[in-house]
Every structure is written in C-alpha cells, then in structure tokens.
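>>> Need coordinates for the below:
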Amino acid sequence: MSTAPAAEFSIALLADLIRGGVRDLVVCPGSRSQALALAVAAAESGDAVRLHVRVDERSAGFFALGVARETGVPAPIIVTSGTAVANLVPAALEAHEARVPMLLLTADRPDELRGIRSNQTTRQGELISTFARLVLEVPAPTAAPASTEPPWIAGFEPDRLARTALQAARGTSERPAGPVQLNLAFREPLSGPPLGGNVSFGTETMTVPELFGAARAESERGTELAVPPGMGASALDGPNPEIYVHDDDVRTVVIAGADAGDRAEAFAHDAGLPLLAEVVSGVRFGREAVTAYATLLDDPELGGAVERAIVFGHPTLTRHVPALLKRDGVEVVPVDPHLGRGVEHYDPSGAARVVRTVSVGEAHDPRAGRQWLGAWIVADRALREARSTVHEPDLAAALAPGYRERSDYARAEVAVMREPVTRELLAESVWRATWPHDRLVVAASRLVRVLDGIAPPRRIRVVANRGLAGIDGTVATALGVAAVSQSADDPRQAAGTTRVLIGDLALMHDAGSLLLDPEEPRPRIQVFVGVDGGGTIFDGLEVAATADRDSYRRVMTVPRSIGLRELAEAYGWAYERAATRSELDRIFTAPVMGPTIVEVPLVE
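Below is the predicted model of the structure:
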C-alpha cells in the first residue's frame, strides 16, 4: 500500500506533540491542512486528545488562547493556507503581549508553488515573525528513496520540531511564553494512507489511534522532552537579582496587574504591605487587598505618601497607577522573571529597577508596617461600604409590632426588588455569584473598570485579555476556558460555571464565536451582556468633553442595537433577560444547564 508523506508526517508530528503534553487541539476545516486535521480526529478516537472544531480561524485563535490561559499548555491551532493564517494574527498578538503559550500549525504550499501567484498562497510565514517566539518554515515531506527512511527532510524531523516548538511557546527564563508558528508545506496527495492503516511503534504494529494512545501514555509517565541544540531558546544562566524589604520606614505598596500570579499576594502578605490589585489580576484577595486603590492613590495621606511601588503583572485599568510610577521620589520595582534581551517590562517611569524576584528579608518585621497597612485598609473599607450595591434589609422594621412599620418595610423591599440594573449592580452581582471553582471572564468593556472599583476581595479565577486590551475574542476565550475547566479531573473544578461580563459592543465583535460544535459537550457558560448602546467606555476620556456632541456620538459611541434573543436562538443558546434586581437575583439562584445569553438593559 502506497503512503502519503503528508499523512505520515502529520501523524508523527502529532504523536510527538502529545508526548510533549498537548491535550487540546483546535481544528479549522481546510484543504491543505487535511492530513493534520484527520490525524487529530484519529487521536480523538483513541482518547488521546480533546478535539475542538471551529469554522472561523479568528474565533479558533481566541478559543485556543482561553485553553492555554486555563491549562498553561498551548492548544495547537490547525488551519489551511492563505487568509486563514491572517485571521490568527489578533489572537497571536494578544498571546504575545499577555505571555500566553500558543502554537500555530499553518499548512502551506510547497516551494515550487510560491512566488508564482498560485491560488491561496502568500508569505504566511512572515505574518507573525516580528513578535513570535519562533517561526519555522518546514519544507514539504517527500517520498523517501528507500522504504525504511521517513519521508521528511533532515533537520526538520517531527520530534525535533515538536520539542522545539513547545519549548519556545512555553517560554524560558530568558523569554516569556508566547506564539510559535510551524509553517508546514505539503505536497499532494494531501492525505491518505497510513491514516486508515497500521503503523510501527518500536517493535509493535498498531493502528493510528492506538499509536496516539501510546504517545499519551508515554507522556503521562513523565518522559522529559529535551530541546535539540541550536533550535530552541536557551535558558539564561546568570544572576538572580532580588530586592529584600529591610527598610521598614519606606512606605511601599504592591501593585498587581493582569496575570500577576499568586506570588503578588504571597509577597504582600509576607511583607505586610497594601496590595493594590486590579480585579483582572486574579489576586484580589487576602487581608492586604485594597479595592478602591484608584481613589486612594489620589489621597495625599495615602497615595501621596508612597515612596516605593513593587509591580507584578501588567496594570492597565486606571491612569492612577502609571501616574504614581512616573512621580518623582517613587522608587519603581517591576518584578519580571524574564530578563532576556529584547523583553519589554512594565515601566511607565522609564527608570525602573527590574528584578526577577522579590522576597522578604529575615530581618523584616511585618508588624512594623501595621499603621501604614491599616490606614489603607480602613479607608478602603469605608469606600467599599459606600459603593456597595448589596441590599441589607431593615430587620428592625420587619420585626416591628406595628402594622404601619411592617407595611412600609414590605413596600420598601418591593421597591428594591424592582430597581433597574446599573453597571455597578450588574458587575458586583456577577462578582459575588462567582466562586473559586467557577471562572469569570471579563471583556474590555466599560464594565471591567466599574468592577475594578467596587469588587470586594475574593479568591476568584479571573481571565481577561489585557495584553492589548482588545475588544475582540472575549466569547471565544471564555469558551476555551469553559471547555477545559469543565473537563478537569478534579470534580470540584469540573462542576464550575464560566461567567462572562461583557458589553453589547464587545459581544457584537465576537458574535460568530457563539457557534458551537454539536459534537462537543455543551459548556455551562453564562454571558451577561450589559446593554447601553455601545461605546460608553469613552465617556471618561477628554474627547467626551471637548468634541462636538453629534460627531462624538457618530464616531466614538457607535450606538448599535441587536436582537439578543434572536441572536441566541440563531446559535442555539438559551436566552434570559434581567432588567431588575429581582430578575438578576433569580438568574443567579437557578442552576446553569448550558450556554446562556443574559441580556441586561443598563441605566445610568
């Protein structure tokens, strides 16, 4: 039986990716990529991977981004040639800036079809080369002169490619995680044997699904993947600079932006320092966490007294943080484990001292800073109580002996339940309804800033694409998060719900991602859509006060209307509407059975 080199190569590459820890793959149907796609289908039939099929490459990219955010492992995206590859660029850019592992397996024409205007052929190996961790142009495998030789070109063996790509995507001490592209040329026949036959594995002969199962078993035994010399980024061997908190008289705050990681909260706790954690940081919890940090940074007794700021992650939600870091007399210490050449660090001051790690020195006594920390916590508690939308019933009135008092209480309670929904009520309600085993995905809408100003400290897993803070891809990212978190081995995690807090304009940008594969499990996901006409996030900018109102409305607010009920019906999602506090409460107390769009009309 003759073989197809494209099929043999695809099987070998996928098996090596599985050995390297890959468990999820995203496939977009296409012609040039068919051998790879069929190999993944065979791997799925052997229970070696989870296959996610998406018809839109842009959605597929952000779906894979969500998977990687949840697991820390890239979910390879398989696409055909041409504009299919270009549609991966937005997600790849976010992966680059947010430092999320991503692997693009892009099918391409062989060398003889390039440069002659052959159909669906462009310079697709150059589309992300300026920011990718690695881009490799892989020549088309060809029929070997001897049957015992593999049909691929020396130097581009599948195991070598898989190990190199995964290492670069996951990052090293020199470079952070990010996007990698293997641009894979294929000649016809584009698929065929041995996908339907047997293959050799060591001294054994087995079916292709059995081969993938064996590759997964080998991975789960803990086999290490060594990076071949000369193809991957090397680790940086050098000093590991640290800053020790010895000088207790220096008024210091810890700032946590997006993707800060638990190390930010742990350090603030050990040092006894105020933790100014953005709500998207995932570390707004613990006794040191400060919710109303943006307001308090304007307080001359608190923000005005800061002398040092230790920064984790990527702060993006306020202007107060960069203003503090650019202020004279404030020492800025960004913490970044990646100190390789060309790596960008968060440094609005332009003169920060970047360090790999921070730790608390043995001589440090966190009790010495209690007055400093206490001042932040007391002030923050007062602001949180003033801003909270939580309704506390008047129990004294409810238990009063007089009819009039009880009647007044009942009328007041009914009025509260009929309250229209504000941004603050929606944001805080979603936050309080989310638990550690759930996931909360927040779009780049006005709602994320509202949530940042009122969300009390809670240990919640928050996901937000703040690398570039783009409005696109939120639904797809959330679906990726939901798909893998709800298939986790831990039953507590698998029972969770993914909630999305998003504006109507952001939803319109990613409406196509609502299309689900009928052969995949339907996730428990609630998309709460704050409907305000779109674009109100710009109301806080200078342009809102200086521009002509008609021009501002025309080009900045871009008001649009969309039938969310009809949209949900078209994509097979459940639909609910919550225009009052009681309707919102009802949704949070009901079980989540599947994908649901919740329309929430907002009032100012």
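>>> residue contacts, residue 95?
By Cβ atoms under 8 Å, 6 or more residues apart in numbering, the contact list for residue 95 reads 65, 68, 101-102, 177-179, 467. In short, each C-beta sits where N, CA and C put it, glycine included.
>>> Distance-wise, check it relative to residue 160.
23 Å (Cβ to Cβ, to the nearest Å).
>>> cool, residue 101 as well?
Using Cβ to Cβ, residue 101 is found at 19 Å from residue 160.
>>> now residue 222
Going from residue 222 to residue 160 by Cβ to Cβ gives 21 Å.
>>> so where do the helices sit in the stretch 201-350 of the chain?
In the stretch 201-350 of the chain, the helices defined using DSSP state H, counting those that start in this stretch lie at 208-220, 262-271, 293-297, 320-325.
>>> and the ones you listed as CSV, adding mean pLDDT and mean neighbour count?
Formatted as CSV, the helices of the stretch 201-350 of the chain follow (pLDDT from 0 to 100; neighbours: other Cβ atoms under 10 Å):
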stretch, mean pLDDT, mean neighbour count
helix 208-220, 91, 19
helix 262-271, 94, 20
helix 293-297, 98, 22
helix 320-325, 97, 19
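>>> Throw these into a markdown table and include distance to residue 121, thanks.
As requested, these are exported to a markdown table (distance: least, Cβ to Cβ, whole Å):
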| stretch | distance to residue 121 |
| --- | --- |
| helix 208-220 | 29 |
| helix 262-271 | 46 |
| helix 293-297 | 50 |
| helix 320-325 | 44 |
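>>> Can you say which of those is nearest to residue 439?
helix 262-271 (16.2 Å; Cβ to Cβ).
>>> quick check, distance from that closest one to the centre of its chain.
Between the centre of helix 262-271 and the centre of its chain there are 22 Å (Cα atoms, centre = their mean, to the nearest Å).
>>> now what about it, what contacts it?
Identification of contacts with helix 262-271 by Cβ under 8 Å, 6+ apart yields 245, 252, 254, 256, 273-275, 277, 281-283, 285-289, 310, 312-313, 335, 358-360, 364, 366, 369.
>>> Name the residue in residue 101 and residue 160 with the higher neighbour count.
residue 101 (26 against 17; other Cβ atoms under 10 Å).
>>> Surely the more buried one and residue 73 touch.
Yes. Residue 101 lies in contact with residue 73 (Cβ atoms under 8 Å); the separation is 6.7 Å.
>>> Need the residues touching each of those two.
Residues touching both residue 101 and residue 73 (Cβ under 8 Å, 6+ apart): residue 170.
>>> Tell me which of the helices of the stretch 201-350 of the chain lies nearest to residue 110.
Of all the helices of the stretch 201-350 of the chain, the one in closest proximity to residue 110, counting by Cβ to Cβ, is helix 208-220 (24.1 Å).
>>> The closest one - contacts with which helices or strands?
If you count contacts as 3 or more Cβ pairs under 8 Å, 6 or more residues apart in numbering; DSSP states H and E, helix 208-220 packs onto helix 5-19, helix 34-45, strand 198-201.
>>> Can you give the distance of it from its chain's centre?
Distance of helix 208-220 from its chain centroid, counting by Cα atoms, centre = their mean, is 29 Å.
>>> Now do that helix against helix 34-45: the angle between them, please.
Helix 208-220 and helix 34-45 are oriented at 70 degrees to each other (axes from the mean of the first three to the mean of the last three Cα atoms, to 10 degrees).
>>> Where does the prediction get shaky in the chain?
Within the chain, the stretches with pLDDT under 70 are 1-2, 144-149, 194-197, 200-203, 223-247, 394-399, 535-537, 540, 558-560.
>>> Centroid-wise, who is the farthest residue in it?
residue 402 (55.2 Å; Cα atoms, centre = their mean).
>>> Pull up the gap between that one and residue 408, please.
Note on residue 402: its distance to residue 408, by Cβ to Cβ, is 9 Å.
>>> of all the helices of the stretch 201-350 of the chain, which lies closest to residue 564?
For the helices of the stretch 201-350 of the chain, distance to residue 564 was read as Cβ to Cβ. The smallest value, 31.3 Å, belongs to helix 293-297.
>>> Show residues contacting the closest one.
For helix 293-297, contacts defined as Cβ under 8 Å, 6+ apart pick out 274, 276-277, 290, 302-303, 306, 317-318, 320-321, 323-324, 376, 379-380, 383, 452-453.
>>> Give me the subset of these lying in strands.
Cross-referencing the contacts of helix 293-297 against strands under DSSP state E gives 276-277.
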